[in-house]
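A.B. asks: With the sequence up front, the predicted model follows.
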Amino acid sequence: MTFTTMSTILRSTQIIKQHSLILDKHFYRCFSSKTRIQSPFWQKTCRKWGIGIAIFAGGNLLYQASSTKLNAEVGTHDSEIVPNVPHIVVVGGGIMGSWTTYLLSQLLDKDGYPVKCKVTLVDAGHPIRGSWGDTRALHVAMEDDVRIKMNMLNVNEYLKLQRESTSDQILVKKAGRIFVGPEASMQKMHDLIQANEIPVEFVDTEFVENPENKTIVETFKGIQLRSKDNGYEGWKTLYTPVGYIMKANAILNHLREKIKHLAEKNKDSIAVIEDHKVVSIDREKKTLRVRSSFDDEDPGTVLEYDKLLVTAGPWTNQMLGQSTMIPALPQLPVAVSNEQTQDFALKGSDYSDMPLVTYSDGGYVRSGGDYWFIVGPCPDVSSEEGGGKHMKVGFHRQGDLMDNEEFQLPKYHPDSETSDDILKRHLINNLPHLRKDIKRGKDSQSFDVDPFILEKAQAMVQERFSNIDPEKVDLVMRCLYQNTPDKEFIVGYHNDEKGVDEEKIVVACGFNGGGFQMAPMVARLCIKLLLLQNMSEDSLVKLLEIDDEPSNDDYKTEGKVNLSELLHVMQKRFDPSRPSLKTRD
């Protein structure tokens, strides 16, 4: 079952207003990451509602492949752990955990490579997570040279993933990229992209009337472009051909199957534990207990670890806190928000070749409360045309902020509560979210339609997309963002003052809704940190190099992007102990 063939939940705004569907844990238990709906009751209910699995299908649609599932016992064979060879346990199988495990598995699978370790990936199979959904964006339109360079390499990695695929499933599709924003931000973005020798131009009267740009301009039909030439003083529109639609579920499924294939070949060093959640971590004993996500009677399985990589996304603070970890680590300044995207129906061939589009009142990294990302249609397989006949619209970083058992606002000191005043001053008030109130308790994660976001999206579409009926909403979906006060990622060693597990635990979280495209480079930084005590940095970097990709004809990275230098900058910039993440009482 794929997204474009699923029945959608909500056929129109009228239906959205008439019906509300709340999904509880009992509903989730009807699914596993490799099965269809089994319960006759829920099969009947889904047919009645016209639902495939849309709003809750994240962890369940990702991994539908038919290969044999490795169970939790794979990770318990102590006899398989070679002395002095570190056992790395990756907690969380979203895009960060999957890319890191995949790269490690590749290194372990190659003869003659000096990497000696064991890796176990543990994934809870959460039904809604950050790394799920039909599409994501991959591009270089950023007013930040470090992120541009990261994505120059990330683009090559995703294109390589597509080129090496033996199926006709689309993982990435080239679309181009439009970014509409204030003059100063767009000028900075333009200059940084150009400095990296990537094609980029401003879309003004001269660009539109240039006969050489006719094919490109045709893809802009029905899209509001802003510049002083068409009456928008203080605004500019930037275009670069480097813009790709990523098929998120397809990519995660593809990575998981490649990892499992390598695990079958290397059973002594690679393991995958699916549909199991981490329920406790003992840092002094260096053990963790995992238990079935769908069986409360499961007594659980204990794994030993030497290094721990926490890529648990919205569940990161739950993993670090006293309910899971002993002794607990300070929780991180991350606020989880319950975001929403809406798919608008398209007519005929309208917008079928549109580029990625963003409208921002700031830039890519820094913005206020008006940031929109729009992703056009993309087929599931290369033999299809068009691709779903819908356009995805997101009101970036505007979902409800939550604090509950799973998605915890931080306790900066494990033994004491953090006051709302400190949370607001240090974290909440620094977020771009227009709604600063915190929803607390077990009902804080709503699965209903968020009318605030929906109505804003409809108004934006009516104003800026002339060929779309804002009342025709095909699908509404939820996902989870991890928001940081400085809008920077959090990747690095997470230690405490007690010296337990010093530089043994690496965290990767806080991607502010932009992490999926960054995963190949974030994974490389994680691997460097995990293995730096076992082999030289020069050897590690050499193993992690990214070559120029033959299918990328827009730019070259050889001689322009130094991986060693870039990883150093990333390590310092994303460090969990950086000053901008510390409280100021």
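C.D. replies: Alright, I've got the coordinates.
A.B. asks: Remind me what the helix or strand harbouring K258 packs against, helices and strands.
C.D. replies: Element membership for K258, per DSSP states H and E: helix 248-265. For helix 248-265, the packing partners by 3 or more Cβ pairs under 8 Å, 6 or more residues apart in numbering; DSSP states H and E come out as helix 95-109, helix 145-164, strand 270-273. Where you see a C-beta, it was placed from the backbone N, CA and C, and this is true even at glycine.
A.B. asks: can you tell me the distance between the two ends of stretch 113-129?
C.D. replies: Distance between the two ends of stretch 113-129: 34 Å, counting by Cα to Cα, to the nearest Å.
A.B. asks: try stretch 118-138
C.D. replies: Stretch 118-138 has an end-to-end distance of 31 Å (Cα to Cα).
A.B. asks: what about that stretch, distance to the chain center?
C.D. replies: 8 Å (Cα atoms, centre = their mean, to the nearest Å).
A.B. asks: quick revisit: and the helices and strands packed on helix 248-265: which comes nearest Q462?
C.D. replies: For Q462, the closest of these is helix 145-164, at 31.8 Å, according to Cβ to Cβ.
A.B. asks: if I look at L238, how far off is G181?
C.D. replies: In this view, L238 and G181 are 8 Å apart by Cβ to Cβ, to the nearest Å.
A.B. asks: what do these two both touch?
C.D. replies: When contacts are counted by Cβ atoms under 8 Å, 6 or more residues apart in numbering, L238 and G181 have M189 as shared neighbours.
A.B. asks: More neighbours: the two, which one.
C.D. replies: More crowded of L238 and G181, by other Cβ atoms under 10 Å: G181, with 27 against 22.
A.B. asks: Could I get the contacting residues of the more buried one?
C.D. replies: So G181 contacts 189, 235-236, 238, 358-363 (Cβ under 8 Å, 6+ apart).
A.B. asks: so can I have CSV of the residues you listed showing secondary structure and pLDDT?
C.D. replies: Shown next, in CSV, are the contacts of G181 (DSSP: H, G, I helix; E, B strand; the rest coil; pLDDT from 0 to 100):
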residue, secondary structure, pLDDT
M189, helix, 97
W235, strand, 97
K236, strand, 97
L238, strand, 98
T358, strand, 98
Y359, strand, 97
S360, strand, 96
D361, coil, 92
G362, coil, 90
G363, coil, 87
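A.B. asks: of these, closest to I468?
C.D. replies: Each of the contacts of G181 was scored against I468 by Cβ to Cβ, and Y359 proved nearest at 14.6 Å.
A.B. asks: buried sites along whatever helix or strand A459 lives in?
C.D. replies: Using DSSP H and E, the element containing A459 is helix 451-464. Counting neighbours by 16 or more other Cβ atoms under 10 Å, one finds that the buried residues in helix 451-464 are 453-454, 456-458, 460-461, 464.
A.B. asks: Tabulate the CA atom coordinates of that helix in CSV.
C.D. replies: In CSV, the C-alpha atoms belonging to helix 451-464 read as follows (Å, rounded to 0.1, in the frame of the first residue of the first chain):
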residue,chain,number,x,y,z
PRO,A,451,-8.6,24.6,12.4
PHE,A,452,-6.1,27.4,13.1
ILE,A,453,-3.5,25.9,10.7
LEU,A,454,-6.1,24.8,8.1
GLU,A,455,-7.7,28.2,7.8
LYS,A,456,-4.4,29.9,7.5
ALA,A,457,-3.4,27.5,4.8
GLN,A,458,-6.6,28.0,2.9
ALA,A,459,-6.2,31.8,3.0
MET,A,460,-2.6,31.5,1.8
VAL,A,461,-3.5,29.2,-1.1
GLN,A,462,-6.3,31.5,-2.2
GLU,A,463,-4.0,34.5,-2.3
ARG,A,464,-0.9,32.9,-3.8
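A.B. asks: partner strands of the very next helix or strand once past it, parallel or antiparallel?
C.D. replies: Going down the chain from helix 451-464, the next helix or strand is strand 473-483, by DSSP H and E. Strands that pair with strand 473-483, judged by DSSP bridges, come out as strand 335-345 (antiparallel).
A.B. asks: S539: helix or strand, and which one exactly?
C.D. replies: S539 belongs to helix 537-544 when assigned by DSSP H and E.
A.B. asks: now that helix, how far from the centre of its chain.
C.D. replies: The answer for helix 537-544 is 26 Å, by Cα atoms, centre = their mean.
A.B. asks: Buried by neighbour count: which residues of whichever helix or strand comes after it qualify?
C.D. replies: Next helix or strand after helix 537-544 toward the C-terminus (DSSP H and E): helix 563-573. Buried residues in helix 563-573, counting neighbours by 16+ other Cβ under 10 Å, are found at 563, 566-567, 570-571.
A.B. asks: quick revisit: just the buried residues of the helix holding K258, please?
C.D. replies: Those buried within helix 248-265 under the rule 16+ other Cβ under 10 Å are 248-256, 258-260, 262-263.
A.B. asks: again, but for stretch 176-183
C.D. replies: Result for stretch 176-183 [16+ other Cβ under 10 Å]: buried residues 176-182.
A.B. asks: I'd like the distance between the residue of the chain positioned farthest from its centre and T205.
C.D. replies: Farthest-out residue of the chain from its mean C-alpha position, per Cα atoms, centre = their mean: P211, at 38.3 Å. Distance, P211 to T205, by Cβ to Cβ: 14 Å.
A.B. asks: With H139 instead?
C.D. replies: 25 Å.
A.B. asks: quick one: which of those two has more around it?
C.D. replies: More crowded of H139 and T205, by other Cβ under 10 Å: H139, with 25 against 11.
A.B. asks: Mind pulling the model confidence for the more buried one?
C.D. replies: Turning to H139, the model gives it a pLDDT of 98.
A.B. asks: ok, now which ones touch it?
C.D. replies: With Cβ under 8 Å, 6+ apart, H139 has these contacts: 151, 177, 240, 242-244, 356, 517.
A.B. asks: Using PyMOL, define a selection of the buried residues within the residues you listed.
C.D. replies: Per 16+ other Cβ under 10 Å, the buried members of these correspond to this PyMOL selection:
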select buried, resi 151+177+240+242+243+244+356+517
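A.B. asks: Pull the most distant pair out of the contacts of H139.
C.D. replies: Farthest pair in these, by Cβ to Cβ: T240 and Q517, 14.4 Å.
A.B. asks: Please, where are all the helices along the stretch 301-450 of the chain?
C.D. replies: In the stretch 301-450 of the chain, helices defined by DSSP state H, counting those that start in this stretch lie at 316-320, 420-426, listed in chain order.
A.B. asks: so can I have a markdown table of these showing mean neighbour count, mean pLDDT and distance to D268?
C.D. replies: Below are the helices of the stretch 301-450 of the chain laid out as a markdown table (neighbours: other Cβ atoms under 10 Å; pLDDT from 0 to 100; distance: least, Cβ to Cβ, whole Å):
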| stretch | mean neighbour count | mean pLDDT | distance to D268 |
| --- | --- | --- | --- |
| helix 316-320 | 26 | 97 | 27 |
| helix 420-426 | 15 | 91 | 46 |
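A.B. asks: where are the low-confidence patches of the chain?
C.D. replies: 1-84, 385-388, 414-415, 584-585 (pLDDT under 70).
A.B. asks: one step back: got CSV for the helices of the stretch 301-450 of the chain, with distance to A271 too?
C.D. replies: Converted to CSV, those look like this (distance: least, Cβ to Cβ, whole Å):
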stretch, distance to A271
helix 316-320, 19
helix 420-426, 38
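A.B. asks: To D111, which of the ones you listed lies closest?
C.D. replies: helix 316-320 (35.4 Å).
A.B. asks: Mind listing residues that contact the closest one?
C.D. replies: Counting by Cβ under 8 Å, 6+ apart, 91, 278, 281, 310, 312, 324-325, 328-332, 334, 405-410, 482, 494, 507, 509-510 sit against helix 316-320.
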